[in-house]
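In: I need the structure of the sequence given here:
(one chain, ligands or ions: 1)
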Amino acid sequence: MTTGEIAFRDSTTRVPAENAPELLDLCDRLLSRAADQSDRASYLNQALSDLGVEFGASWLGIATRQPDWDIVAEHGRRPQNDLPWPLFAEALDRDGGCWSGDATGNPGTWIASVVSGNTLLALSGSRLNRADVPSAMTAGRYLGHALKCLGNLESALHRVTQLRATLEIARTFAREKETQPLLELIAHESTKLMHCDRASIFIWDREQKQIVACPALGVEGGRLWLPDNKGIVGEVIHSGNAIRVDDAYSDPRFDQSVDRTSGYRTNNLLCVPMQDSDGRCIGAFELINKHDGPFTDADLEAVEELSIQAAIAVQNARERDHLIRSNRQLTEQVTGGVMIIGDSPAVAAMRSTIDRLAATDLPVLILGESGTGKEVAAQALHYHGPRAEHPFVAVNCAALSETLLESELFGHEKGAFTDAHATHVGKFELAEGGTLFLDEIGDMSLNGQAKLLRVLEQKVITRVGGSQAIPINVRVIAATNANLAEAVREKRFRQDLFYRLSVVTVDIPPLRERSEDVIPLAMFFLDRFCQQANRKPLELAPDARRRLQAHSWPGNVRELRNLMERVAFLAPGPRVEPNDIAFILSPERDAFDDLAEGIGLTDATQRFQQEYIRRAIKRVQGNMSDAARLLGLHRSNLYRKMRQLGMEVTEAKE
Ligand SMILES: Nc1ncnc2c1ncn2[C@@H]1O[C@H](COP(=O)(O)OP(=O)(O)OP(=O)(O)O)[C@@H](O)[C@H]1O
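Out: Now for the predicted structure:
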C-alpha cells in the first residue's frame, strides 16, 4: 500500500460519536428508499445521490469484480484520470474500506467501501475525509442490505411474471384439443417464454421402449423415434429428475446423433420429466439453446411448472384422441353391422328409400308390426348418414309412464320432484348431434305428445324443474306398430304431431308377406350365431328351408332371429334338418304335412286355408279384428272367406 492510503477492516472501524445521528438518518433513508422502489437501477440512482450529498462527494459509483471490473451504477462527474482499481481491489480483499489521500488524513480523493461480496461503493471528491471512512463503510453495508432486499424482490417479481405467463400459456394449451397441434403449440409458446431456440416434447412409449420426439424440428415429418435408454431424455424419463446442461458437447450423456440427423447444433439445454395426473412419467420436455447464456435455476422452476401444465394437456388430448378413435371404430363396426337383409321387392325399395333419406334430416315415421325391423331401419338411417359419429338413442315410449317419459326425454334438475336426487340428462341431450328413435310413438300420452311437438318446433328443451332453454340438434325418427292415422281419427294422437313426424313414411311389411326374405335372413342369422357359437357355418337342408318358408312368422324377423340363434347352438349335425326346427316351430305346423298326401290341389288349398285361418284366430285369442289384421284381410272379408270355406263363424269372438 502506498503512503496516503489507509485500509480499514470492519472490526476496527468506529464511527465518531458526533457523526452517529446523521449516519443513522442516512442509513434509515437508504433502507426506506428501497421499500419505495421496485427496481435496482432507480434505487441506486436515488441512493447514490443521497450519499453524494451526505459525504460531499463529486462522483459515486458501484463497482463489481467478476473477475473484471465493471461500474454498474454511478452518480456525478467521473474523475478524468483512471479509477483506482488497486484501491478498490484492496477494499474488496480486506472486506472493508480504503481511503486514499494525503498521509495526514486531510481531505483526499477516494474512499472505497465494500457493499457485499464482490461489490463496492466508491466515492471521489476533494472534500472526502479519512474520518468519513467508517461512516462510508456503514452506509455501504446498509446499501448492500437494501440491494439484497431489492434483488429478492426483483426475482420474486420475475417469478410472478413468469408464473403468470405460464398460466396464460397453460390456458392456451387447454384450448387445443388435438394432440399434434397441441404439441406444436407447447413447443412454440415455450420457446417464446424461455427465450430459447427450440423445444421438443418426448412421448414415452413404454411398451416399444422408445421415445417419440414431437415436434422434432428440422426432421422430416416432424417426428423422431429414439430408444428410451439413450441420451439425456432417456436419463430424465428413467430417473424422473430434471437435467440442465450448459455445454452439451462436453457432456457425455448428450446423444450427438440427434444433432447429426437434424443438422442442428445444441449448445445448452434443459430437460424435465412430464408426469400424468397419477404421477407416472409420460415423457420429457426439453428446451434447447437459450439465447442469453445457459439456463438458470429460475428457468428450471418455470419449465417444471410449464411441464406440469403441458403434461395435463397432452394427457387430455391423448385420451380424447383415443376416445374419438374408439368411437370411430365402434361406429364402423355398428355401421357394418346394420344391414338390411332381404331379397323381396319391399326390402329392396326400403333400402333405396333409406339410402336417399339417410343424408337428410327429414323426420321419418316407420310403420310395421312388432319385430319387422323398424329399429334396424332407423339405425340404417342414422349410421349411413352424416350423424353416424354421434349417438343413436332409442326410447320405447310404451314402456314409460307419462311422468317418467317427460323426465326421460327432457331430463330433470336435482330436486325437481321427490325422487330427483341428482340432475338427470334426458335422451334429447344424450342424442345431441345424432338421432333420437322414438319407438311405439302411438303409445305416448296426449300430454307427452304436446310437449314433444313443442320441442320439435322450437328445437330447444327445458329439463323438468329447470328454467334454462337448452338448444338441441337431434334428428327424430319415430316408429309404431299401431295404425296412427286411425289413432288421429279417433283423437288419440295429435294430428299436428302426426304430420310433423310423418314427413316421410317407411312401411315395413310383415315377414309372412315377403317370403323371399325368409331364407336370406335365416342364413344371415345362422352365420352370425354359428360364429358366436364357435362352430362352422351350418347349411339349411332343403326340407328345413321349405318348412321355414311355410311358417307364418307371427313374431316376424325377431322370431326368425331367435329361432336361428337356438338352432346355431343346438343343432347336432353340420346341416339344419327339419327335425332341428320342428320342436321349435309350432307343433301345429306338422298338421299341414298330412294335407299334401292323396288329395287334390283344390281340396288341399281349401284345407290349408281353413287350418291357417283357425290358427290365426287362435293366436290372437279369438279377436276377429286382430285375426283379420294378421291375415292381411279386412274383418268383413275374413267372415266372408270363412263362410266360403264352410267354417263355423260363430266360434269367433270380437
Ligand atoms: N331386414 C333385416 N335385416 C337384418 N336384421 C333384421 C331385419 N329386420 C329385422 N332384423 C332383426 O330382427 C330383430 C327385430 O328387429 P327390430 O327390433 O328392428 O324390430 P322392430 O320392428 O323395431 O320391433 P318392435 O316393434 O318390437 O320394437 C332385430 O334383432 C333385428 O336385428
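In: count of neighbours near Gly442?
Out: Neighbour count of Gly442, defined by other CB atoms under 10 Å: 21. Every residue, glycine included, has its C-beta placed from N, CA and C.
In: now Thr505
Out: Counted by other CB under 10 Å, the residues lying close to Thr505 total 13.
In: That one: which element?
Out: Using DSSP states H and E, Thr505 sits in strand 504-507.
In: gap between that strand and the chain center?
Out: Relative to its chain's centre, strand 504-507 lies at 39 Å (CA atoms, centre = their mean, to the nearest Å).
In: Next: stretch 166-182.
Out: Centroid separation between stretch 166-182 and its chain, computed with CA atoms, centre = their mean, is 12 Å.
In: Same question for stretch 415-430.
Out: With CA atoms, centre = their mean, you get 25 Å for stretch 415-430.
In: How about stretch 323-336?
Out: On CA atoms, centre = their mean, the centre of stretch 323-336 falls 17 Å from that of its chain.
In: Over to stretch 178-192?
Out: Its chain's C-alpha centre and that of stretch 178-192 lie 16 Å apart, by CA atoms, centre = their mean.
In: now stretch 338-345
Out: Relative to the centre of its chain, stretch 338-345 is centred 39 Å away, using CA atoms, centre = their mean.
In: For the ligand, what's its nearest residue on this protein.
Out: As assessed by CB to the nearest ligand atom, the ligand sits closest to Gly373 within the chain, at 2.5 Å.
In: which SS class is the residue lying closest to that residue once chain neighbours are set aside?
Out: Excluding the flanking residues, the one nearest Gly373 by CB to CB, 6 or more residues apart in numbering is Val557, at 5.2 Å. Taken by DSSP: H, G, I helix; E, B strand; the rest coil, the conformation at Val557 corresponds to helix.
In: List the residues that contact Val557.
Out: Gly371, Thr372, Gly373, Leu511, Asp517, Leu521 (CB atoms under 8 Å, 6 or more residues apart in numbering).
In: And Gly140, by the same measure?
Out: Gly140 neighbours (CB under 8 Å, 6+ apart): Gly97, Ser113, Val114, Val115, Leu120, Leu121.
In: just wondering, since we're on it, how far is it from Gly234?
Out: 51 Å (CB to CB, to the nearest Å).
In: count of neighbours near the nearest residue to Leu645 once chain neighbours are set aside?
Out: Nearest non-adjacent residue to Leu645, counting by CB to CB, 6+ apart: Gln610, 5.1 Å away. Gln610 has 15 neighbouring residues, counting by other CB under 10 Å.
In: Secondary structure element for Gln610, which one?
Out: helix 601-619.
In: what's the answer for Gly573, then?
Out: Going by DSSP H and E, Gly573 is not in any helix or strand.
In: what sits against it?
Out: Contacts of Gly573 by CB under 8 Å, 6+ apart: none found.
In: Check Asp343 too.
Out: The neighbourhood of Asp343, defined by CB under 8 Å, 6+ apart, consists of Glu516, Asp517, Pro520.
In: Tell me where the model's unsure across the stretch 151-300 of the chain.
Out: Applying pLDDT under 70 to the stretch 151-300 of the chain picks out residues 215-223.
In: residues from the stretch 451-600 of the chain in reach of the ligand?
Out: When proximity is defined as CB under 6 Å from any ligand atom, the stretch 451-600 of the chain approaches the ligand at Asn481, Val557, Arg558, Arg561.
In: Would you mind writing the ChimeraX command to select the buried ones in the residues you listed?
Out: Buried members of those, defined by 16 or more other CB atoms under 10 Å, are picked up in ChimeraX with:
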select :481,557,561
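In: with the residues of the stretch 451-600 of the chain next to the ligand in mind, which one is nearest to Asp299?
Out: Taking CB to CB as the measure, Asp299 sits nearest to Arg561 out of those, at 66.8 Å.
In: Let's test this: mean pLDDT of the helix or strand harbouring the closest one, rounded?
Out: According to DSSP H and E, Arg561 maps onto helix 556-570. The average pLDDT within helix 556-570 is 90.
In: and if you look at stretch 605-617?
Out: Mean predicted lDDT for stretch 605-617 stands at 82.
In: Also stretch 134-143?
Out: Mean predicted lDDT for stretch 134-143 stands at 88.
In: just how off-centre is it within its chain?
Out: 61 Å.
In: now do stretch 439-450
Out: 37 Å.
In: one step back: between the contacts of Gly140, which sits nearest Trp69?
Out: Leu120 (9.9 Å).
In: Am I right that that closest one sits in a strand?
Out: Yes. Counting by three-state DSSP, Leu120 is found in a strand.
In: any idea how far it lies from Cys98?
Out: From Leu120 to Cys98 the distance is 9 Å (CB to CB).
In: Quickly list what's touching both of the two.
Out: Counting by CB under 8 Å, 6+ apart, the residues touching both Leu120 and Cys98 are Phe88, Ala91, Ala112, Ser113.
In: thinking again about what came up before, most neighbours among the contacts of Asp343, which one?
Out: Of all these, Asp517 has the most neighbours under the rule other CB under 10 Å, reaching 23 neighbours.
In: how about the nearest residue to it, chain neighbours excluded?
Out: Among residues not flanking Asp517 along the chain, Gly342 sits closest, at 3.7 Å (CB to CB, 6+ apart).
In: how about that neighbour, what does it touch?
Out: By CB under 8 Å, 6+ apart, the contact list for Gly342 reads Ala348, Arg514, Glu516, Asp517, Pro520, Leu521.
In: would you turn the residues you listed into JSON lines with secondary structure?
Out: Below are the contacts of Gly342 laid out as JSON lines (three-state DSSP):
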{"residue": "Ala348", "secondary structure": "helix"}
{"residue": "Arg514", "secondary structure": "coil"}
{"residue": "Glu516", "secondary structure": "helix"}
{"residue": "Asp517", "secondary structure": "helix"}
{"residue": "Pro520", "secondary structure": "helix"}
{"residue": "Leu521", "secondary structure": "helix"}
